[in-house]
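In: Quick one, what's the 3D model for this:
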Amino acid sequence: MTDILIEGGEALVGSDLVDTSVHVADERIAEISSRSGAASLRLNSDGLIALPGIVDMHGDAFERQMMPRPGVDFPIDVALIDSDRQAIANGITTVFHATTWSWEPGLRGTENAHHLLNAIEDMQPRLAADTRFHLRQETFNLDAEPTIAEWLAAGRVDLLAFNDHMHMTAASMNNPKKRARMVERSGLSEGELDKLVERVMARASNVPDSIARLASIGRDHGTPLLSHDDESPDQRAGFRSLGIDIAEFPINEETARAAIEAGDFTVFGAPNVVRGGSHTGWTSAAEMVSKSLCSILASDYYYPAPLLAAFLLAADNILPLPQAWALVSGAPAAATGLHDRGQITVGKRADIILVDAREPLRPRVVAAVAGGRVVHLTEPQRIFLAAPAVRRVEPA
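Out: Residues are numbered from 1 along each chain as shown. Predicted coordinates:
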């Protein structure tokens, strides 16, 4: 394995930006010091900031690579490779692909859930980012429960989220535009979709017990558990009682505050910060950050967003950069149980990105090191290879 020395610029070490060198060896951070040292590969970080790689615990932008237009499919391996390139280029070195398994056929149906899990497992060694499986179980998808239980027991699910979009689906059925989108996405006729929704909603009374059973299996096997779009403190408390201690996108301040005060993690969308508000009209993520009610920012549907959001929070004086960066690196690493990353610390996994932040609102990833390998570089002149040792042979 090539050892790497990153030198010449600043690095985020602990809660401070310091002028230092970072030595990487055997996939780990071996040394952090002001002295130079020997390495087979040197990265000149002059004018750049070395930051721990982004840990993106909720991103579904890969769906656009699978189906860029309704009814237009591309192979999953092609979609994952392209998504991997996008993630790494935006500083994401650990990516959880948020895969929705719904009662609805098509893009988020049973077949795609199986194909995605298999593809992620098969392709992991070929991908630059550490790529993991975040299963978003639509809670009315009761027929999936036995399979998900098997996956959890086998350690194949890295995160399990409980989603309930059934009430939104019911409302969408009365909205012609939204109804048309559902028909396109599912591949069903309108009549077939009506009958399916009716059958699924008829089993509503079985949903709470299914959630409880899967949460119990997840806890037993150490799988981090999330709830999605919590609407009230009471709903959050109900999920917490099942050991579900990560609240994704709580829809109001009251619920986010209840989660934080109880010691839960809260996840908001980084695109919300970048755009200046939620595209759904719900909670402002930047406001939640300013009130210390946001633990984690995730890419959600746009891979560039975590990088942009952290620097925007710093530029707007909402948080200093080290604290803003923790929202996209250290905190999601802790929430997902990945205690080997999220900080530039000796012994941690060598996931480090070099960022050009001369334009604070448009930070740019110049290089990315993931698992001790240089996997992205836009300025190759920054690499210096050690001269090979010359073997002297004495004449006979």
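In: Wait, a strand at residue 93?
Out: Yes - counting by DSSP: H, G, I helix; E, B strand; the rest coil, residue 93 is located in a strand.
In: Now for residue 352, how many residues are close by?
Out: When counting by other C-beta atoms under 10 Å, one arrives at 29 neighbours for residue 352. Where you see a C-beta, it was placed from the backbone N, CA and C, and this is true even at glycine.
In: Next, the nearest residue to it once chain neighbours are set aside: secondary structure please.
Out: Spatial nearest neighbour of residue 352, chain neighbours left out: residue 369 (4.6 Å); criterion: C-beta to C-beta, 6 or more residues apart in numbering. For residue 369, the assignment made with three-state DSSP gives strand.
In: So residue 369 sits against residue 375, correct?
Out: Yes - counting by C-beta atoms under 8 Å, residue 369 touches residue 375, with 7.1 Å between them.
In: that older thread, what's across from the residue nearest to residue 352 in the sheet?
Out: Beta-bridge pairing for residue 369 (DSSP bridges): residue 352, residue 374.
In: just how off-centre is the helix or strand hosting residue 98 within its chain?
Out: In the assignment (DSSP states H and E), residue 98 maps to strand 92-101. When distances are taken as C-alpha atoms, centre = their mean, to the nearest Å, strand 92-101 is centred 5 Å away from the chain's centroid.
In: what are the pairing partners of that strand, and which direction each?
Out: Strand pairing for strand 92-101, using DSSP bridges, gives strand 54-59 (parallel), strand 130-138 (parallel).
In: picking up where we left off before, now do the contacts for the residue nearest to residue 352.
Out: Residue 369 makes contact with 4, 6, 24, 43, 53, 350-353, 375 under the criterion C-beta atoms under 8 Å, 6 or more residues apart in numbering.
In: What's the local residue count around residue 241?
Out: Neighbour tally, residue 241, other C-beta under 10 Å: 10.
In: related to what we said a few turns ago, okay, the strand holding residue 98 in PDB with CA atoms only?
Out: Output of strand 92-101 as PDB, limited to C-alpha atoms (Å, rounded to 0.1, in the frame of the first residue of the first chain):
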ATOM      1  CA  ILE A  92     -18.200  12.100   0.100                       C
ATOM      2  CA  THR A  93     -15.900   9.200   1.100                       C
ATOM      3  CA  THR A  94     -18.600   7.100   2.900                       C
ATOM      4  CA  VAL A  95     -22.000   6.900   1.200                       C
ATOM      5  CA  PHE A  96     -25.200   5.200   2.400                       C
ATOM      6  CA  HIS A  97     -27.400   4.700  -0.600                       C
ATOM      7  CA  ALA A  98     -30.900   5.300   0.700                       C
ATOM      8  CA  THR A  99     -32.900   2.600  -1.100                       C
ATOM      9  CA  THR A 100     -36.700   2.800  -0.700                       C
ATOM     10  CA  TRP A 101     -38.500  -0.500  -0.700                       C
END
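In: Could you point out the helix or strand that follows it?
Out: Following strand 92-101 in sequence, per DSSP H and E, is helix 110-123.
In: And for that next one, what's in contact with it?
Out: Applying C-beta under 8 Å, 6+ apart, the contact partners of helix 110-123 are 66, 76-77, 80-81, 97, 99-101, 105-106, 131-133, 135, 144, 151, 156.
In: Sketch out the strands for the stretch 251-396 of the chain, chain order is fine.
Out: 265-269, 296-298, 352-356, 364-370, 373-377, 383-385 (DSSP state E, counting those that start in this stretch).
In: count of neighbours near residue 21?
Out: The number of residues near residue 21, taken as other C-beta under 10 Å, comes to 22.
In: so it sits right up against residue 5, yeah?
Out: Yes - look at residue 21 against residue 5 with C-beta under 8 Å: they come within range, at 6.1 Å.
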